[in-house]
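1. below: sequence and its predicted model.
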Amino acid sequence: MVRKQLVVYGLLGFSKDLLMSFSGGLLMLYLTDSLTIATTLVGGILFFNRLFDAFNDLLAAYLLDRFSKYLKTWYLIGIITSAIIFIALFSVHAYVPKSVIVVAVCILYVLLDICYTVMDVSYWSLLPRLSTNDDVRAKLSTVATFFSSFAALICFTLALPLLHFFGGGGVKVGFLT
């Protein structure tokens, strides 16, 4: 396996997990501090989405296994739709009336989870197709895990300071609300 292929596979993992680290890590802050949704309601939304995710993962794995010859296509669909829904979720305040914002957040968050699951399952399902050699697959998996962890590190290290910087010291303005 060429080093370039290792880096490209790792960068794909970096990009998918940077998006989800940001949404997973800062969504509660955005919903409570920026949109002023009650913390118990936000906790409930996040909790029930995790329950849904357990079934969503199984369904996505089953469907992608049935249509496994299209893994690259599923990955591309997953990353494009995840990016669009991510932007919609973090700008929901700009286009949805306050009276239905909680419903919109619930729908967008579930859709984001579905799209991310499609992207994630198809990404990891590509691994056995990239090589039949166990050592090469181990290297690919290690590089992918490193890049994914690095994405989370960057997100959690820089996101909050950047929100305060762009918000002039306030998180609410940093989210552009």
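-> Cool, got the structure.

2. thought residue 27 was touching residue 112?
-> No. Taking contacts as Cβ atoms under 8 Å, residue 27 lies outside contact range of residue 112: 9.1 Å. C-beta coordinates here come from the backbone N, C-alpha and C atoms, glycine included.

3. more crowded one of the two?
-> More crowded of residue 27 and residue 112, by other Cβ atoms under 10 Å: residue 112, with 24 against 20.

4. ok, now which ones touch that one?
-> 23, 82, 85-86, 89 (Cβ atoms under 8 Å, 6 or more residues apart in numbering).

5. just the pLDDT for it.
-> At residue 112, the model reports a pLDDT of 96.

6. if we can go back for a sec, secondary structure for the contacts of residue 112 - can I get that in a markdown table?
-> A markdown table is the format used below for the contacts of residue 112 (DSSP: H, G, I helix; E, B strand; the rest coil):
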| residue | secondary structure |
| --- | --- |
| 23 | helix |
| 82 | helix |
| 85 | helix |
| 86 | helix |
| 89 | helix |
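
7. by neighbours, which of these wins?
-> Result: residue 82 is most packed of the contacts of residue 112 (other Cβ under 10 Å), 25 neighbours.

8. nearest spatial neighbour of it, chain-adjacent residues omitted?
-> Excluding its sequence neighbours, the residue lying closest to residue 82 (Cβ to Cβ, 6 or more residues apart in numbering) is residue 115, at 4.3 Å.

9. now do the SS call for the one you found.
-> Classification of residue 115 by three-state DSSP places it in helix.

10. any idea how far residue 93 is from residue 102?
-> Here residue 102 is placed at a distance of 12 Å from residue 93 (Cβ to Cβ, to the nearest Å).

11. residue 49 now?
-> For residue 49 relative to residue 93 (Cβ to Cβ), the value is 19 Å.
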